[in-house]
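Asker: The following block contains a protein sequence and its predicted model.
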Amino acid sequence: MKTRTFTAGLLLLLSVYYCIAMPVAVNEIAPASCCFEFFMERIPLKQIVSIAKTHVRCSEKAFVVSTAKGNKICVSQNMTWAEKAFEKQQTKQMK
């Protein structure tokens, strides 16, 4: 009887562990954020707090621009001004 209780407890413990670990594994596979709609206007550099590329597995290459007002805006990587803003940010981070 003790062996059966121990085995049931061990299986329950393992089940709980794997249920907790599952969301982490899913996040490792799926992209964190992708863009499906794009802002087509130019965002002034003084309003940009940060700019980051979307995950490589996203279907559309884009930048996510964080503004001073706290907005996150998707911009296509084909936009020249966005590429320059991204490069400028990268240069600042290297200094």
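Answerer: Looks like it came in fine. No experiment lies behind these values; they were computed from the predicted model shown.

Asker: Pretty sure I48 sits against K69.
Answerer: No: between I48 and K69 there is no contact under Cβ atoms under 8 Å: 11.0 Å. For every residue, glycine as well, the C-beta is placed using N, CA and C.

Asker: Downstream of the lowest-mean-pLDDT helix or strand in the chain, the next helix or strand is which one?
Answerer: Least confident element among the helices and strands of the chain, by mean pLDDT, DSSP states H and E: helix 2-29 (a mean of 45). The element immediately downstream of helix 2-29 (helix or strand, assigned by DSSP states H and E) is strand 48-53.

Asker: Need the residues that contact that next one.
Answerer: 61-68, 77, 82, 85-86, 89 (Cβ atoms under 8 Å, 6 or more residues apart in numbering).

Asker: Just the CA trace of stretch 80-95, in PDB.
Answerer: Only the C-alpha atoms of stretch 80-95 are listed here, as PDB (Å, rounded to 0.1, in the frame of the first residue of the first chain):
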ATOM      1  CA  THR A  80      14.100  53.800 -44.500                       C
ATOM      2  CA  TRP A  81      13.600  56.100 -41.600                       C
ATOM      3  CA  ALA A  82      12.800  53.100 -39.300                       C
ATOM      4  CA  GLU A  83      16.000  51.300 -40.300                       C
ATOM      5  CA  LYS A  84      18.100  54.500 -39.600                       C
ATOM      6  CA  ALA A  85      16.400  54.900 -36.200                       C
ATOM      7  CA  PHE A  86      17.200  51.300 -35.400                       C
ATOM      8  CA  GLU A  87      20.800  51.600 -36.500                       C
ATOM      9  CA  LYS A  88      21.200  54.800 -34.500                       C
ATOM     10  CA  GLN A  89      19.800  53.000 -31.400                       C
ATOM     11  CA  GLN A  90      22.300  50.100 -31.900                       C
ATOM     12  CA  THR A  91      25.200  52.600 -32.200                       C
ATOM     13  CA  LYS A  92      24.200  54.300 -28.900                       C
ATOM     14  CA  GLN A  93      24.000  50.900 -27.100                       C
ATOM     15  CA  MET A  94      27.500  50.000 -28.300                       C
ATOM     16  CA  LYS A  95      29.100  53.100 -26.800                       C
END
